[in-house]
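Participant: Build me a model:
(one chain, ligands or ions: 2)
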Amino acid sequence: MSPKTAVAPAPVASIPSATYSIALAGNPNSGKTTLFNLLTGLNQKVGNYPGVTVDRKSGRLLLEGEASARLLDLPGTYSIYPRSNDEQVVLDVLLNRSSADYPDVVVAVADMSNLERSLLLVSQILDLGLPLVLVLNMADMAKKRGITVDTEQLSRQLGGIPVVVMNARNGQGLQELKQVLSRELQPAATPFYQVLPLAPEAIAEARQYFGCKTYYEAYLLLQHAENLHTMSPLERDQLEALGKLSKLDRPALQITETKARYARIQEVLSTVVQLPDTSSRQSVSARIDAVVTHKIGGYLLFFGVLFLMFQAIFAWATVPMDLIDSLFARLGSLLEGLLPEGVLSRLLIEGVLPGIGGIVIFVPQIALLFMLIALLEESGYMARVVFLMDKLMRKVGLNGRSVVPLISGLACAVPAIMATRGIDHWKDRLITIFVTPFMSCSARLPVYTILIALVVPDERIWGFINLQGIALMGMYLLGFVAAIGSALLMKFIIRAKKGGFLIMELPAYRWPRWGNVLYMVLEKSKVFVFEAGKIILAVSIILWVLASYGPGDRMARAEEAYRTAHADTPELEDELASLRLEHSYAGLLGKTIEPAIAPLGYDWKIGIALFTSFAAREVFVGTMATLYSVGSAADDESTIKSRLQAETNPDTGGPRFTLAVAFSLLVFYAFAMQCTSTVAVVYRETGGWKWPLIQTAYMTGLAYVSALLVYQLLS
Ligand code: GDP
Ligand code: MG
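Facilitator: Ligands and ions are numbered 1, 2, ... in the order given. Below is the predicted model:
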């Protein structure tokens with residue numbers, strides 16, 4: 001008859017009502033969304049949290065009898081110390097009792113086969129004094145690995161909260177969870193961790209002043225005073241003053257707290273969880289870590305991994321890329337034969353088709369890059385890289401939390417800059433925002449690969465090291481060095497205060513889940529094709545018009561003059577075509593800026609590409625493709641690369657794209673701020689035009705000077 005847990009027996013009338021709200025919290029990938037879908041069925045809405053672009057999923061949950069409740073799927077987080085925008089949302093919801101999202105009950109979803117990682121967050125929510133239910137999800141995985149959990153004992157160790165074993169995929173445990181949620185639930189009887197001794201006066205004072213449920217809630221208010229968007233300035237000042245008075249060292253307290261929690265978690269798990277062959281598994285992971293996070297070996301290994309990645313990008317992607325390239329070339333000549341002669345056909349063949357080709361051709365490389373990044377993330381290695389780089393980052397005025405934005409910057413600076421919101425100190429954050437666009441984003445990849453393929457021979461040293469792969473890796477390193485160097489510069493100019501500590505847990509190594517890898521690859525390729533593709537296509541079409549028409553009868557006159565001058569020689573179609581281009585609107589534009597870029601080794605055609613790339617740098621390749629299709633009479637099956645290769649420099653008679661020109665361009669694209677979306681997001685994140693303008697001027701100035709140096713040194 002006596003209840004197994006400390007929870008009161010279900011009252012006669014169910015407490016949950018239309019306004020009763022339940023929030024799902026847990027680590028990323030613990031199965032929250034799967035459980036959310038299981039609980040709400042089709043009754044769900046997706047929106048945004050106010051002021052941030054984080055998805056907010058809410059729905060209605062039908063409980064026993066007639067009862068129902070609101071259910072909210074919170075973003076995944078590892079602890080209550082947010083490192084990103086998404087994670088900040090969790091804090092904002094759980095620490096703001098006036099929020100409409102503030103839950104009556106929290107359901108913490110944990111991966112049963114990996115409890116150590118899950119329990120930090122669970123223990124923190126528990127100490128907030130909210131009624132809590134723990135779901136041990138992925139019961140099937142735990143079973144497969146031979147892991148068993150004594151749920152009664154675990155519940156006792158967690159202050160008597162209900163613990164439900166589930167498989168959110170097949171619905172096992174669903175009825176029990178609904179039963180539990182239909183009862184009136186109590187907060188844990190005892191805290192998991194006694195926080196008060198960390199700073200007795202400040203915590204006690206804050207608790208009283210803000211009427212907090214627990215000391216831990218008061219402590220978190222003190223910890224996060226600066227970042228709680230939901231607080232009034234007055235309340236924030238109050239907390240700041242309290243913190244100052246008792247000389248709170250927030251990062252140090254965070255470390256103490258986290259360590260103590262992990263110690264207790266270890267203790268609890270040792271009595272609750274039975275692992276099949278713990279000793280060997282633990283030591284394998286520990287042994288890998290000893291190598292991977294080694295003072296010297298760790299960096300060497302990371303370097304080696306990067307090296308392999310860029311080798312692979314060149315070695316594996318060339319086959320599908322060549323295929324796509326020749327496919328588009330053949331499609332062009334096919335259409336040429338099929339379509340009637342006319343403006344529309346020309347637009348299609350010389351403008352639209354090369355534009356689309358210029359987008360699609362890079363899908364193999366982008367897919368490959370993100371497959372490799374996803375593999376590193378999934379296996380648990382990326383977390384070690386962040387850990388490893390933290391020390392290095394600190395030396396240059398960044399902090400460990402800057403690593404995530406910087407690595408995300410390899411994909412795209414826009415989400416990366418948004419991810420800096422988790423950095424507590426404004427100055428640290430500003431420096432991170434400032435330098436992130438130097439990281440080589442996926443839009444630069446097409447520009448890099450085409451230029452490298454033009455001038456770096458496709459040869460191997462010692463039979464296996466691909467030279468082009470080395471050059472590509474060099475470009476990525478160059479971007480990284482520019483980011484670090486600029487951070488250092490800013491550190492001295494802005495005089496950043498000391499930043500926060502990096503607290504992170506190292507997830508266990510595991511085999512990647514292929515579904516997640518595939519998802520990332522598809523998602524990134526899709527974003528590239530549709531987001532970048534839109535701009536590239538639009539620019540290609542506009543460019544075609546500008547390149548095909550000129551002011552007044554300029555083009556016709558130039559053609560006429562040429563014909564009379566060469567009346568006795570057989571007509572040179574190629575030269576005529578390029579003459580026409582020279583006298584078009586685009587040609588005029590390029591000619592206008594030519595004097596400014598001639599010292600960098602560029603002619604007016606490259607000038608046009610440079611100009612159009614200021615909207616988005618990946619436009620470069622499409623622009624070149626369009627320009628050289630218009631500017632050449634070659635209607636055979638020539639590819640973008642062969643067209644660029646065939647282009648000659650009239651002054652020297654040699655190829656236009658010499659080593660010096662190509663490397664000068666590479667450096668220019670590595671450094672210049674050529675992305676309107678990045679400028680826009682920096683404007684939004686820094687709240688004004690000051691920083692985006694300084695950043696654009698700095699990056700573009702650096703690009704110009706460096707490209708000048710490279711060209712002058714190499715030529
Ligand atoms: P979230 O990040 O917490 O929202 O996690 P998701 O709900 O997106 O789930 C992450 C992955 O785990 C998905 O591939 C799910 O299909 C899978 N998953 C969720 N619950 C279970 C479970 O109980 N067992 C197994 N084997 N997989 C699950
Ligand atoms: Mg989810």
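
Participant: Run through the stretch 201-350 of the chain and note the low-pLDDT ranges.
Facilitator: When residues are selected by pLDDT under 70, those of the stretch 201-350 of the chain lie in 277-283, 313-314.

Participant: Quick check: pLDDT value at the residue positioned nearest the centre of the chain.
Facilitator: By C-alpha atoms, centre = their mean, the mean C-alpha position of the chain lies nearest to S408, the distance being 3.5 Å. We have a pLDDT of 71 for S408.

Participant: residues near the closest residue to it other than its chain neighbours, how many?
Facilitator: Residue nearest to S408 in three dimensions, not counting chain neighbours: A416, with 3.8 Å by C-beta to C-beta, 6 or more residues apart in numbering. Every residue, glycine included, has its C-beta placed from N, CA and C. Residues within reach of A416, counting by other C-beta atoms under 10 Å, total 24.

Participant: what about A416, which helix or strand?
Facilitator: Secondary structure from DSSP states H and E places A416 in helix 413-418.

Participant: how far does the helix or strand where S642 lies sit from the chain's center?
Facilitator: If you go by DSSP H and E, S642 is part of helix 640-646. Here helix 640-646 is found 33 Å from its chain centre; the criterion is C-alpha atoms, centre = their mean, to the nearest Å.

Participant: Report all helices and strands that whichever helix or strand comes after that helix contacts.
Facilitator: Going down the chain from helix 640-646, the next helix or strand is helix 659-671, by DSSP H and E. In terms of contacts (3 or more C-beta pairs under 8 Å, 6 or more residues apart in numbering; DSSP states H and E), helix 659-671 is packed against helix 444-455, helix 467-490, helix 604-612, helix 690-714.

Participant: Now tell me what touches helix 659-671 from outside.
Facilitator: Under the criterion C-beta atoms under 8 Å, 6 or more residues apart in numbering, residues 438, 440, 444, 447-448, 451-452, 454-455, 475, 478-479, 482, 600-602, 606, 610, 613, 617, 620, 699-700, 702-704, 706-708, 710-711, 714-715 lie in contact with helix 659-671.

Participant: Mind giving me the PyMOL select for those, buried ones only?
Facilitator: Paste this into PyMOL to select the buried members of the contacts of helix 659-671, with burial taken from 16 or more other C-beta atoms under 10 Å:
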select buried, resi 438+440+444+447+448+451+452+454+455+475+478+479+482+600+601+602+606+610+613+617+620+699+700+702+703+704+706+707+708+710+711
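
Participant: Kindly identify which of the contacts of helix 659-671 also come near ligand 1.
Facilitator: Among these, none lies close to ligand 1 by the criterion of C-beta under 6 Å from any ligand atom.

Participant: May I have the helix holding A416 exported as PDB, CA atoms only?
Facilitator: Coordinates of the C-alpha atoms in helix 413-418 are reproduced here as PDB (Å, rounded to 0.1, in the frame of the first residue of the first chain):
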ATOM      1  CA  ALA A 413      29.300  33.400 -40.600                       C
ATOM      2  CA  VAL A 414      25.600  34.300 -40.200                       C
ATOM      3  CA  PRO A 415      24.500  31.500 -37.800                       C
ATOM      4  CA  ALA A 416      28.000  31.600 -36.200                       C
ATOM      5  CA  ILE A 417      27.700  35.200 -35.300                       C
ATOM      6  CA  MET A 418      24.200  34.500 -33.800                       C
END
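
Participant: Look at the residue of the stretch 451-600 of the chain found nearest ligand 1 and say how many residues are nearby.
Facilitator: Ligand 1 sits closest to G515 of the stretch 451-600 of the chain, with a gap of 5.3 Å, by C-beta to the nearest ligand atom. Applying other C-beta under 10 Å, we find 9 other residues in the vicinity of G515.

Participant: re earlier: how about the helix holding S642: buried residues?
Facilitator: Of the residues in helix 640-646, those scored as buried under the neighbour-count criterion (16+ other C-beta under 10 Å) are 640-645.

Participant: and it, what does it pack onto?
Facilitator: So helix 640-646, by 3+ C-beta pairs under 8 Å, 6+ apart, packs with helix 353-360, helix 444-455, helix 619-630.

Participant: which strands and helices sit next to the shortest one?
Facilitator: Using 3+ C-beta pairs under 8 Å, 6+ apart as the contact criterion, the neighbours of helix 353-360 among helices and strands are helix 297-338, helix 533-548, helix 619-630, helix 640-646.

Participant: what angle separates the helix or strand just after the second one from helix 533-548?
Facilitator: Read that as helix 533-548. The C-terminal neighbour of helix 533-548 among helices and strands, as given by DSSP H and E, is helix 554-565. Interaxial angle, helix 554-565 versus helix 533-548 (axes from the mean of the first three to the mean of the last three C-alpha atoms, to 10 degrees): 50 degrees.

Participant: Which positions in the stretch 101-250 of the chain make contact with ligand 1?
Facilitator: Near ligand 1, the residues belonging to the stretch 101-250 of the chain are 137-138, 140-141, 167-169 when assessed by C-beta under 6 Å from any ligand atom.

Participant: Tell me which stretches of the stretch 151-300 of the chain form helices.
Facilitator: All helices of the stretch 151-300 of the chain, identified by DSSP state H, counting those that start in this stretch, fall at 151-157, 174-182, 200-210, 215-224, 233-245, 250-272, 278-292, 297-338.

Participant: Could you dump those helices into CSV and include mean neighbour count and distance to G533?
Facilitator: Output for the helices of the stretch 151-300 of the chain, formatted as CSV (neighbours: other C-beta atoms under 10 Å; distance: least, C-beta to C-beta, whole Å):
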stretch, mean neighbour count, distance to G533
helix 151-157, 18, 51
helix 174-182, 18, 42
helix 200-210, 17, 51
helix 215-224, 24, 41
helix 233-245, 14, 44
helix 250-272, 16, 44
helix 278-292, 12, 38
helix 297-338, 16, 14
